[in-house]
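build me a model:
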Amino acid sequence: MIRMQDIGEITYGGAVTLTEWWDDRRIADGRIAKKDIWKKASFYTYLGIGLPATLMSAFGWWRNMEKWTEHISHGFLYDMPRFVYNIVKSMSTESQGRTGSDAVKQAQDILAQRQAVARKNAALPVGRQAARSYEPEFNTVGVI
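You can find the predicted model right below:
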């Protein structure tokens, strides 16, 4: 049976998941990098709601809210390994390759190089004469 307090726990998990999805979109668009932990909304949603609820439940603050804070602190504690893993993973993947805004800059550099080559090739005269002709050699070969 789902109680009203369970809705709070589900809402907390949904808020963390939604902000993580939004952060992933911003990383894909190049607005933030994976290692920018301080710019991720999911970091603040997870810690900003879960940590106070866990402290309130652990130390017995606001006893009348304990039914709510206990449920939220369970979600906070169950999600702690994933949270730490994502932080470690985001710090290590950044050093292995380009992501986020670095990838956008790299793509812009490649595009600029290709446009420069295209402009250089467009400046070449069309139908240049070959410096050497092989016609005399072909005429000296006799076919029996």
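
where do the helices sit along this protein?
Assigned helices in the chain, in chain order: 4-29, 41-59, 66-96, 101-122, 135-140 (criterion: DSSP state H).

go through these and name the closest to residue 35.
helix 66-96 (4.0 Å; C-beta to C-beta). Placement of C-beta: from N, CA and C, glycine included.

in the closest one, what's buried?
66, 68-76, 79, 83, 86, 90, 94 (16 or more other C-beta atoms under 10 Å).

the most centrally placed residue in the chain and residue 72: what is the separation?
The residue lying closest to the centre of the chain (C-alpha atoms, centre = their mean) is residue 27, at 3.4 Å. Counting by C-beta to C-beta, to the nearest Å, the gap from residue 27 to residue 72 is 27 Å.

in the protein, where is pLDDT below threshold?
93-101, 123-138, 142-144 (pLDDT under 70).

again, only using 80
Applying pLDDT under 80 to the chain flags residues 1-5, 92-103, 120-144.
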